[in-house]
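Engineer: Need a 3D model of the sequence below.
(chains A and B)
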Protein chains: 2
Amino acid sequence: MSATSSSPLSPVTGAAGPAAAEAPLEWHERLALRAQGGPSELSAILALAAAGGDLVDFSGGFPDTTLYDTDLLGEIAAKQIGTRPEVALQYASNWGLPSLREALRADIARNQGHVPGEDELMVTSGGVDALTLACKAMLDDGDAVLVEAPSYLGAFNVIRSHGGEPVSMRNDEHGLVPASVREAAEAARAAGRTPKFVYVIPDFQNPSGLLLAEDRRRELVDLCRELGLLLLEDVAYRDLAFDGSYLRSIYEIGPDVTVQTGTFSKTFTPGTRMGWACGPATVIRAMAEAKTNTDQCAGALGQCILEALITEGHYAASLPRIREAYAARASALVGAFEDRLDGLATWTVPEGGFFTWLDVPGVDTKELAGVGIENGVAFVPGSPFFADGRASAQLRMSFSRTPAERMAEGVDRLARSIERLRG
Amino acid sequence: MSATSSSPLSPVTGAAGPAAAEAPLEWHERLALRAQGGPSELSAILALAAAGGDLVDFSGGFPDTTLYDTDLLGEIAAKQIGTRPEVALQYASNWGLPSLREALRADIARNQGHVPGEDELMVTSGGVDALTLACKAMLDDGDAVLVEAPSYLGAFNVIRSHGGEPVSMRNDEHGLVPASVREAAEAARAAGRTPKFVYVIPDFQNPSGLLLAEDRRRELVDLCRELGLLLLEDVAYRDLAFDGSYLRSIYEIGPDVTVQTGTFSKTFTPGTRMGWACGPATVIRAMAEAKTNTDQCAGALGQCILEALITEGHYAASLPRIREAYAARASALVGAFEDRLDGLATWTVPEGGFFTWLDVPGVDTKELAGVGIENGVAFVPGSPFFADGRASAQLRMSFSRTPAERMAEGVDRLARSIERLRG
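Structural biologist: You can find the predicted model right below:
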């Protein structure tokens, strides 16, 4: 189906008038150009994870719902509905409930040395929504966003769907190379694009699992200040260091040039779509305004539940148990790598978060993913994590939802898949 | 602040280098052009409603949370969390939970003669999200959307934030004039814009309160089929006819050319952000794909609660009580009009929904709104409900959240405000 076919005002069948109604209208060519492609790689991954069966699934970045205290959550939900329905069951402000915003500011103070002011924090409907709002606030058609290579592939889709173009910076075995911000900004300008912000995931990055060292964070802030570029710091996995430690956040180092976005989808639940964004008031105000024409407001019931969890101390109290569970899985997975992948691949050893990133020299991991499914193991090939779609001998494995006792079997299936491809 | 000032790569202070960091960066001029305006009129309305005090508030289209059965809702929420946390507390598919989609298809069959197929319905995060997804699926930069005059002002913001331009059709005292679709489409083309879809609210329209007659619905479908235009039918108030009746939906009349979007924010609660979209599979598929890069998925907890409400029969069973309550308020408000506004204004007599639309000849209702606030009464002036921002002697009053015993006082304040302006 061509994207430049007949005018949307002429029926596809040619003749105008009621007779045309006999042939059904063809909608594909009437879609936005951006919508005429196939489903994204992210959709394909979500579909994989839904396939189920005997698959050992390392694909999606899903939290493990068995880690939640469902009795407590049920009790809190019922109490919020019963005691303040005029808040929990009503529209919320586009900024979020004032009481939750207060609780979130206090929660930021739990692990960061800079606390946003009242007009510097808003509630979002999860992390992807925060990115959407940042794009709506910052991007004109054709602008560039500088992204890590590799980075969260969902971010590329959000950026593109708002007329922006993700332009790759450079990562090494320690994560983002700060100096590459300047190179990427210059490359963007040379291509006629205005770089508007830098998107970075410093803590247990998706997909690499790496923690960006503090000196690189400082260098990044200095460079962005010099270049007049906003930093968008995604701290989705910040609360999930296995040892409970925190590095200084980029927001803490450079609150004047940073919008920090966070989500409770990894540590609490994705089921209520809760996140936040904090940063310079001018940008947050524009993001809050954009929310009125995106989904109007985050759900008030989820906001009330989250507020109770935070202010009553349950959220912070739940973290050690959750960290311990993910640490045990990471350890089981890395143990299985050591037993079975030696000589076949190398991997990052995660100190937090959900992911490890493997290098399988000489193997096209897109091809490997197909063989893997045949062998009963799912992971995400590396290529879609690069904005330029480069071929990649790397792959991402998520250990967050895989039972520890399935790790060895899953890794053995992966090893056999690699061996089969290598002949 | 000029929108075309210095390049985002040069610090505003001029000199590059670390010294520039001493002067804080100015973010306003780095925002997207669309974000450099002030807050929208919708934000201003939401702020008004939050003001409280002794105000008699007819401004926002908010449901009355005292109409909910909070014991039942709390019980259902706790049960969903307790019995299926692996669904309620996890990411959902971008299409929505299969079980809720099944329930929604059955609920559509409750009052419509055409039921969408499995790949023709998706769950959205409320009504504004559905509009967002339709825009992402349909609009290229500069495309036109044909809108009623007046229509829901939030829709204009959504359309504009996706690069589209709302182009006014023509409404008369019975609602949208179908023939004006052709005129507006031609006007859009003459202005170099491709009309992509027609946005219409046929049931108890926002803001007019009018119900579009069935012959106009049929004419609209025939015309859009002929012109190759998609109809976006917003049925936010469809379940709220005071007598429980339903006209044939536009979707039912023309499922081949219609995407229907609905929300549970008016009849159930806005607190969980729940809505749906159904229509031709090609368009719904593109909207579902767009959801992955908007907010990823609708909240699973809200989906589970809504599913239980629908499948256990509570949702349908709650409607008579809710209709009765809003009917009583509409009746009290219209009674107050008859007592106090005769000779000052005319009004629509709503048979459902939340709104009545007043005509106050010779009065600028923007000015009137200011006088009204001074006198302790809030409503929304007519002008922002017109995409072309034309001056308007009309205004919208919402009776959905105003206690019946406050109606006379509110209307008296409105009357005094009109009298003051007329001298």
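Engineer: C-alpha from now on. contacts and neighbour counts both.
Structural biologist: OK.
Engineer: Can you pull the residues of the stretch 251-400 of chain A lying near chain B?
Structural biologist: Residues of the stretch 251-400 of chain A lying near chain B by CA under 8 Å from any CA of the partner chain: A:256-257, A:269-273, A:280, A:282-283, A:286, A:289-290, A:292-296, A:298-302.
Engineer: so of those, which ones are in helices?
Structural biologist: A:282-283, A:286, A:289-290, A:292, A:300-302 (DSSP state H).
Engineer: between those, which is closest to B:Leu212?
Structural biologist: A:Thr292 (27.3 Å; CA to CA).
Engineer: What's the separation between that closest one and A:Met122?
Structural biologist: 12 Å (CA to CA, to the nearest Å).
Engineer: These two: which is more packed in?
Structural biologist: Remark: of A:Thr292 and A:Met122, A:Met122 carries more neighbours, 28 against 22, as counted by other CA atoms under 10 Å in any protein chain shown.
Engineer: Give me the number of neighbouring residues for the residue nearest to that one when sequence neighbours are not counted.
Structural biologist: Of all residues not flanking A:Met122 in the chain, A:Trp95 sits nearest, at 4.8 Å (CA to CA, 6 or more residues apart in numbering or on different chains). Close neighbours of A:Trp95, defined as other CA under 10 Å, add up to 24.
Engineer: Helix, strand, or coil at A:Trp95?
Structural biologist: Assigned state for A:Trp95: coil (three-state reduction, DSSP: H, G, I helix; E, B strand; the rest coil).
Engineer: Kindly give the local confidence score, pLDDT, for it.
Structural biologist: Confidence at A:Trp95, expressed as pLDDT, is 96.
Engineer: got it, and A:Gly37?
Structural biologist: Looking at A:Gly37, its pLDDT reads 77.
Engineer: List, one by one, the residues from the stretch 101-250 of chain A near chain B.
Structural biologist: Counting by CA under 8 Å from any CA, the stretch 101-250 of chain A comes close to chain B at A:125-129, A:132, A:136-140, A:154-155, A:157-158, A:161-162, A:194-196, A:222, A:225-229.
Engineer: okay but A:Arg216 is in contact with A:Ala179, surely?
Structural biologist: No: taking contacts as CA atoms under 8 Å, A:Arg216 lies outside contact range of A:Ala179: 9.3 Å.
Engineer: Could I get the full set of strands for the stretch 151-300 of chain A?
Structural biologist: Under the criterion DSSP state E, counting those that start in this stretch, strands of the stretch 151-300 of chain A are mapped to A:165-168, A:171-172, A:175-176, A:195-200, A:230-234, A:258-263, A:275-278.
Engineer: I'd like these laid out as TSV, including mean neighbour count.
Structural biologist: Below are the strands of the stretch 151-300 of chain A laid out as TSV (neighbours: other CA atoms under 10 Å in any protein chain shown):
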stretch	mean neighbour count
strand A:165-168	25
strand A:171-172	13
strand A:175-176	26
strand A:195-200	26
strand A:230-234	26
strand A:258-263	26
strand A:275-278	26
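Engineer: Okay, now the unreliable bits of chain A?
Structural biologist: Applying pLDDT under 70 to chain A flags residues A:1-23, A:38-52.
Engineer: 50 instead, please
Structural biologist: A:1-21 (pLDDT under 50).
Engineer: Now for the spatially closest residue to A:Thr258 that is not a sequence neighbour: which residues touch it?
Structural biologist: Nearest residue to A:Thr258 in three dimensions, chain neighbours excluded: A:Leu231, at 4.6 Å (CA to CA, 6+ apart). Listed by CA atoms under 8 Å, 6 or more residues apart in numbering or on different chains, the contact partners of A:Leu231 are A:197-200, A:221, A:224, A:257-259.
Engineer: The residue nearest to A:Met122 reaches A:Asp295, doesn't it?
Structural biologist: No: if you go by CA under 8 Å, A:Trp95 and A:Asp295 don't touch, sitting 11.8 Å apart.
Engineer: Can you report phi and psi for the closest residue to A:Ser59 other than its chain neighbours?
Structural biologist: Closest residue in space to A:Ser59, ignoring its immediate chain neighbours: A:Phe379 at 4.2 Å, by CA to CA, 6+ apart. Per-residue torsions, A:Phe379: phi -150, psi 180 (degrees, to the nearest 10).
Engineer: Return the distance of A:Phe379 relative to B:Gly192.
Structural biologist: A:Phe379 sits 47 Å away from B:Gly192 when distances are taken as CA to CA.
Engineer: The two: who's more crowded?
Structural biologist: Using other CA under 10 Å as the criterion, A:Phe379 and B:Gly192 rank with A:Phe379 on top: 25 against 12.
Engineer: wouldn't the more buried one be in contact with A:Thr402 here?
Structural biologist: No: between A:Phe379 and A:Thr402 there is no contact under CA under 8 Å: 11.6 Å.
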